[in-house]
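>>> What follows is a predicted protein model with its sequence.
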Amino acid sequence: MSSTKREPEEELDADSPANKRVKLEANGSADGVKPQIEPEAEAEGADAAVKQEEAEDDGEEEFIPLPQSTTRSAVKRGHECPYLDTILRQNLDFDFEKCCSVSLSPINVYVCLVCGKYFQGRGLNTHAYTHSLETGHHMFMKLDAGKVYCLPDNYEVVDRSLDDIRAVLNPKFTPEQVARLDSDVTWVRALDGSEYMPGLVGLNNMKANDYANVVVQILARVNPIRDFFLVPSNYAGCRSLLVTRFGELLRKLWNRHNFKGQVSPHEFMQAVMSTSKRRFTINTQSDPVEFWSWLLNTLHLELTGGKPKKQSIITSTFQGELEVTTLAGTGKGKAATASDDVVERIPFMLMGLELPPTPLFKDAMEKNIIPQVPIFQCLAKFDGETISDDIRAGRRKFRVTRLPNYLALQFKRFTKNNFFIEKNPTLVTFPVKSLELKEALPVPVGPDGVTPVPSKFDLIANVVHEGKAGQQTGTAPYRAHIHRGVEKAWYEVHDLVVIDVLPQMVALSEAYFQVYQCQQQQPAPKMAKQKSAAAVAAAGKGGAQQQQGNQ
């Protein structure tokens, strides 16, 4: 009887596909039913898996394909995240345009809290996800929401230690905090150990935007403007990019939680270039007085929805009123053919003051004499009796009929002809405190028709031009003297540099543009019917026309 020897079966690997198939068949046969897989269902499952793997972030968090994990929760506390201590705050800078550094898209942007770079998305195959895998940087914050996520695990991190980063990203002020700004003497220490004063920090001069820096420094010291823009709910209905960026810049200037003692106005200047159609740029030097007039008028129109006759925080702060009398038979306007003098009342937000001409000859010491003139002599232009000659406008007299709470003055130092721009070096002597206007011009009366309105003003800002006229390169020609009322001290701000200065040095400077604050501020009355949108402009050449480039 013959027998055949049976070969031993090969031992199957526990994880091999064949072993899995055997186990599946055994489990199915135990119930008497063998599982069957339809070819169509198997194909659909494969297609779904491929689609999920190839899905990319489309900018909406609800549709971001996230890796599924049963060992990690969707939200973790700070002590549960092992990467929380990898955050480097000295690398974070939220002053620049918030766009992805790879795709340049401003949608769904996250900042890496380790290196400070911006990336789009946090789902699979997004730039932030790829960055976390390539560099080992795990902590990311969404810029529009302030939420922090750990990548590539993709869970949210909740911890109070991240609040200081959110305070730098989006500074917020309560009405109580705004009310204490003028009473608390505050010095803050930055991450590098340097100290800075909230509200009086340096502004970065990216190339030639020092003309805008001095204007922003002045507006940051004007209390009604500052208090209005520090609270975004005051202009929540305005969709203007310029208004939004200006409010953000003021909040950064007054923020007590900044990581560094300076701020870059990059986003604000981008909005300025877009709104002004590149009339004012970062690369080209411009006149701060011209920028002041444009900025105030544009902010006013944006806040009022394009209605110049409507009252705004701009007009209630800076707008006064002039009575202009044009002598009959002069100029090229209505008075040219009129038999009587033409009297008009127009609003103003800037008063242009004339300087005496520069001496043409040298003295006995072979030096040019630099004349000095008191500010009261310059203000005599608006006494209602002094006649100003202009070929087009005619012979006119100006009288102030309503004083603003904040008075802006410009000394006309620059004269432009067909060949070059000439600068007048005449020094103007002025008091830094208690400028009494009634010594130079008739002060308008109050509502009772008898009592004069308060006319004592204190200087809060002074802009100085250094160098020659038309200077375009080299050191920034414009610097500002700023009065910090809470300390009763003066500081000189030259872009990023902020130093203290004596009041006597402020009075001896070549003043070009000044802003005074009334000691007893009056409530702004409702504006009467105005002439036109152009009336909300500077009392520059001729006393009431909008100031155009002096440089």
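Received it, and whenever you're ready, just let me know what you need. Treat the numbers as computed from the prediction; the structure is a model and nothing was measured. Residues are numbered from 1 along each chain as shown.
>>> What part of the protein, helix or strand, is modelled with the least confidence?
One helix or strand of the chain scores below all others by mean pLDDT, DSSP states H and E: helix 17-30, with a mean of 46.
>>> In space, what's closest to residue 241 - neighbours in sequence excluded?
Spatial nearest neighbour of residue 241, excluding adjacent residues (CB to CB, 6 or more residues apart in numbering): residue 271 at 4.8 Å. C-beta: built from backbone N, CA, C; applies to glycine.
>>> ditto for residue 94
Leaving aside its chain neighbours, residue 94 sits nearest to residue 169 (5.1 Å; criterion: CB to CB, 6+ apart).
>>> Just the local confidence number for that neighbour, please.
Listed pLDDT for residue 169 reads 95.
>>> do the same with residue 36
49.
>>> With residue 124 instead?
For residue 124, pLDDT reads 88.
>>> And for it, the neighbour number?
Neighbours of residue 124 under the rule other CB atoms under 10 Å: 19.
>>> quick one: residue 197 from residue 498, how far?
According to CB to CB, to the nearest Å, residue 197 stands 8 Å off from residue 498.
>>> Find residues that contact each of the two.
Counting by CB atoms under 8 Å, 6 or more residues apart in numbering, the shared contacts of residue 197 and residue 498 are residue 491.
>>> following the helix or strand containing residue 493, which helix or strand comes up?
According to DSSP states H and E, residue 493 maps onto strand 489-494. Once the chain leaves strand 489-494, the next helix or strand it forms, by DSSP H and E, is strand 497-501.
>>> and that next one, which strands flank it?
strand 489-494 (antiparallel) (DSSP bridges).
>>> What residues of the strand it pairs with count as buried?
490, 491, 492, 493, 494 (16 or more other CB atoms under 10 Å).
>>> Show me the shaky parts of this protein.
Applying pLDDT under 70 to the chain flags residues 1-73, 359-368, 470-476, 524-551.
>>> Helices of that one, residue ranges please.
17-30, 39-54, 127-135, 163-169, 175-179, 210-219, 223-229, 241-253, 266-275, 288-303, 313-318, 375-379, 503-507 (DSSP state H).
>>> okay, those, which one's buried deepest?
Highest mean neighbour count of those: helix 210-219, a mean of 24 (counted as mean count of other CB atoms under 10 Å).
>>> Output the contacting helices and strands for it.
strand 202-203, helix 241-253, helix 266-275, helix 288-303, strand 456-465, strand 478-484, strand 489-494 (3 or more CB pairs under 8 Å, 6 or more residues apart in numbering; DSSP states H and E).
>>> Can you check which of these gets nearest to residue 86?
Closest approach to residue 86 among those is made by helix 241-253 (25.8 Å; CB to CB).
>>> quick one: residue 482 from residue 174, how far?
As for residue 482, its distance to residue 174 is 25 Å (criterion: CB to CB).
>>> So between those two, which is more surrounded?
residue 482 (26 against 10).
>>> dump the residue contacts of the closest residue to residue 139 other than its chain neighbours.
Nearest in space to residue 139, with sequence neighbours left out and distances taken as CB to CB, 6+ apart, is residue 113 at 4.1 Å. By CB under 8 Å, 6+ apart, the contact set of residue 113 is 86, 87, 88, 92, 137, 139, 140, 141, 148, 165.
>>> And for residue 175?
Each residue near residue 175 by CB under 8 Å, 6+ apart is listed here: residue 231.
>>> Would you map the strands across the stretch 301-450 of the chain?
320-326, 342-348, 351-353, 372-374, 383-390, 394-402, 406-411, 414-416, 421-423, 427-429, 435-436 (DSSP state E, counting those that start in this stretch).
>>> got a list of contacts for the strand holding residue 493?
Against strand 489-494 from outside (CB under 8 Å, 6+ apart): 197, 200, 202-203, 213-214, 217, 432, 476, 479-484, 498-503, 505-506.
>>> What is the distance between it and the centre of its chain?
The chain centroid and the centroid of strand 489-494 are separated by 20 Å under CA atoms, centre = their mean, to the nearest Å.
>>> CA atoms of that strand as PDB?
Provided in PDB are the C-alpha atoms of strand 489-494 (Å, rounded to 0.1, in the frame of the first residue of the first chain):
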ATOM      1  CA  ALA A 489       7.700 117.700  28.200                       C
ATOM      2  CA  TRP A 490       8.800 118.100  24.600                       C
ATOM      3  CA  TYR A 491      10.200 115.400  22.400                       C
ATOM      4  CA  GLU A 492      11.800 115.400  18.900                       C
ATOM      5  CA  VAL A 493      10.700 112.700  16.600                       C
ATOM      6  CA  HIS A 494      12.800 112.000  13.500                       C
END
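>>> I'd like to check the angle between it and helix 210-219, please.
Orientation check (axes from the mean of the first three to the mean of the last three CA atoms, to 10 degrees): strand 489-494 against helix 210-219 gives 160 degrees.
>>> Report the angle between strand 489-494 and strand 478-484.
160 degrees.
>>> Name the nearest residue to residue 327, sequence neighbours excluded.
Residue 327 sits nearest to residue 395 (CB to CB, 6+ apart), 4.4 Å away.
>>> In contact with the one you found, which residues are there?
326, 327, 330, 331, 387, 388, 389.
>>> out of those residues, who has the most neighbours?
Result: residue 326 is most packed of the contacts of residue 395 (other CB under 10 Å), 23 neighbours.
>>> do you know how far it is from residue 96?
Residue 326 is 50 Å from residue 96, by CB to CB.
>>> Tell me how many other residues crowd residue 487.
The burial count for residue 487: 13, using other CB under 10 Å.
>>> Revised request: answer the last question for residue 195.
9.
>>> From residue 258, how far off is it?
According to CB to CB, residue 195 stands 12 Å off from residue 258.
>>> list the residues that contact both of these two?
residue 188.
>>> Let me know the angle separating the strand holding residue 493 from strand 456-465.
Using the same axes, to 10 degrees, strand 489-494 lies at 30 degrees relative to strand 456-465.
>>> one step back: counting neighbours, which of the contacts of residue 113 comes out on top?
residue 140 (26 neighbours).
>>> now residue 425: how far from residue 512?
11 Å.
>>> between the two, which one's more packed in?
Higher neighbour count among residue 425 and residue 512: residue 512, with 26 against 12, using other CB under 10 Å.
>>> So that one is in contact with residue 466, correct?
No - between residue 512 and residue 466 there is no contact under CB atoms under 8 Å: 9.9 Å.
>>> and for the two, which residues touch both?
residue 478.
>>> contacting residues for residue 320?
Applying CB under 8 Å, 6+ apart, we find residue 320 in contact with 347, 348, 349, 400, 402, 403, 404, 407.
>>> do residue 131 as well
Residue 131 sits in contact with 112, 117, 119, 137, where contact means CB under 8 Å, 6+ apart.
>>> again, but for residue 520
Contacts of residue 520 (CB under 8 Å, 6+ apart): 454, 456.
>>> if I look at it, how far off is residue 514?
19 Å.
>>> and if you look at residue 246?
22 Å.
>>> before we move on, what about residue 323?
Computed as CB to CB, the residue 323 to residue 514 distance reads 23 Å.
>>> and the two? which has more neighbours close in?
residue 514 (26 against 18).
>>> Am I right that residue 506 is in contact with residue 433?
No - using CB under 8 Å, residue 506 is not in contact with residue 433, being 10.6 Å away.
>>> Quick check: neighbours shared by these two?
residue 459.
>>> Would you mind listing the residues in contact with the residue nearest to residue 241?
Per CB under 8 Å, 6+ apart, neighbours of residue 271: 241, 242, 244, 245, 246.
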